[in-house]
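**Student:** Fold the following.
(chains A, B and C)
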Amino acid sequence: MEARHYPLGGKLPLAFYVRPTTEVARDLLGRRLVCVSGGLTLSGRIVETEAYVGPHDLACHAARGRTPRTEIMFGPPGRAYVYFIYGMHHCVNAVTEPEGHASAVLIRALEPDPGIDGRTDGPGRLCKALGIDRSHNGEHLTGDRLFIIEGDRSAADTEPSASVKTGPRIGVGYAGDWASKPYRYWLADNRWVSRPYSRTMSRYEK
DNA sequence: ACCGTGATAATCT
DNA sequence: GATTATCACGGTG
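**Tutor:** Next comes the predicted model:
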């Protein structure tokens, strides 16, 4: 396969990730996640994210302390934190904030670019569609194998308050007060968002 | 609603 | 080393 041309900007610099995690989560909307493996380049536009803001955040994996799995989150920012869960799914995060802070942004849904096979609405599904697995854990997001480019921020930039929605994170009901924090971000009315807000709320409130 | 599936981490012997 | 509960999900009904 020929090299693909990316008209929508270069890779996000390291400094992009060295900011408050909620800010990075919001700013990742509209960017493009790209995975290169073999001769194949697969990508999609990020339309949904979640912020996991640090060890004090009871929904964050780092809240259990430094373990082999969470090691990468305690390291330098701008790297991929990829974990395997429920015996069959991978999830990909971008490590944020200065080294040692242990925080990350979970990428929850993509609008697929041409060439993608399968669904990309959901953290497990998007990893499957792009071929992301634990071999990508610790990968530099400024590198050549798994990276994020500037992309198309138009929907998120023109009317930020109207086009970016927030709500509680999915599947973190165990996290006490932290479960209700509005750390989930998505592009309003985007068909690739993993769950409609109404369904999220009904699920959350029961 | 129900459950597959296996890594992970805590808690034992 | 072994046991157990848990899980940032997704498919099915």
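**Student:** Going by C-alpha atoms from here, please, whenever you check contacts or count neighbours.
**Tutor:** Noted.
**Student:** Next, the buried residues of stretch A:42-57.
**Tutor:** Within stretch A:42-57, the residues that count as buried by 16 or more other C-alpha atoms under 10 Å are A:42-55, A:57.
**Student:** no wait, stretch A:63-83
**Tutor:** A:63, A:70, A:72-83.
**Student:** Find the helix or strand that the residue lying closest to A:Gly115 once chain neighbours are set aside is a member of.
**Tutor:** Using C-alpha to C-alpha, 6 or more residues apart in numbering and skipping the chain neighbours, the partner closest in space to A:Gly115 is A:Leu42 (6.7 Å). Assigned by DSSP states H and E, A:Leu42 belongs to strand A:40-52.
**Student:** does any part of that strand sit near DNA strand C?
**Tutor:** Yes - legend: contact between strand A:40-52 and DNA strand C by C-alpha under 7 Å from any atom of the strand is shown at A:Tyr52.
**Student:** I'd like to know which elements that strand is packed against.
**Tutor:** helix A:21-27, strand A:32-37, strand A:103-112, strand A:184-187 (3 or more C-alpha pairs under 8 Å, 6 or more residues apart in numbering; DSSP states H and E).
**Student:** and the first one, which residues are buried?
**Tutor:** The neighbour-count check on helix A:21-27 (16+ other C-alpha under 10 Å) flags A:Thr21, A:Thr22, A:Val24, A:Ala25, A:Arg26, A:Asp27 as buried.
**Student:** and if you look at the shortest one?
**Tutor:** When neighbours are counted by 16+ other C-alpha under 10 Å, the buried residues of strand A:184-187 are found to be A:Arg184, A:Tyr185, A:Trp186, A:Leu187.
**Student:** For DNA strand C, state which of these is nearest.
**Tutor:** For these, the minimum distance to DNA strand C (C-alpha to the nearest atom of the strand) is 10.7 Å, reached by A:Arg184.
**Student:** how far away is that closest one from DNA strand B?
**Tutor:** 21 Å (C-alpha to the nearest atom of the strand, to the nearest Å).
**Student:** Please apply the same query to A:Met73.
**Tutor:** 11 Å.
**Student:** List the contacts of the residue most central in space within chain A.
**Tutor:** In chain A, the centroid-proximal residue (C-alpha atoms, centre = their mean) is A:Ile107; its distance is 1.8 Å. When contacts are counted by C-alpha atoms under 8 Å, 6 or more residues apart in numbering, A:Ile107 touches A:Ile46, A:Glu48, A:Thr49, A:Glu50, A:Cys91, A:Val92, A:Asn93, A:Ala94, A:Pro123.
**Student:** What helix or strand is the residue in chain A that DNA strand C sits nearest to located in?
**Tutor:** Using C-alpha to the nearest atom of the strand, A:Gly124 is the residue of chain A that sits closest to DNA strand C, at 3.1 Å. Assigned by DSSP H and E, A:Gly124 falls within helix A:123-130.
**Student:** Can you name the element that comes right after that helix?
**Tutor:** strand A:146-149.
**Student:** on that earlier part again, strand partners of the strand holding A:Leu42, parallel vs antiparallel please.
**Tutor:** strand A:32-37 (antiparallel), strand A:103-112 (antiparallel), strand A:184-187 (antiparallel) (DSSP bridges).
**Student:** interface residues of chain A facing DNA strand C?
**Tutor:** Residues of chain A lying near DNA strand C (C-alpha under 7 Å from any atom of the strand): A:52, A:59-62, A:85-86, A:89, A:91, A:93, A:104-106, A:121-126, A:170-172, A:174, A:194.
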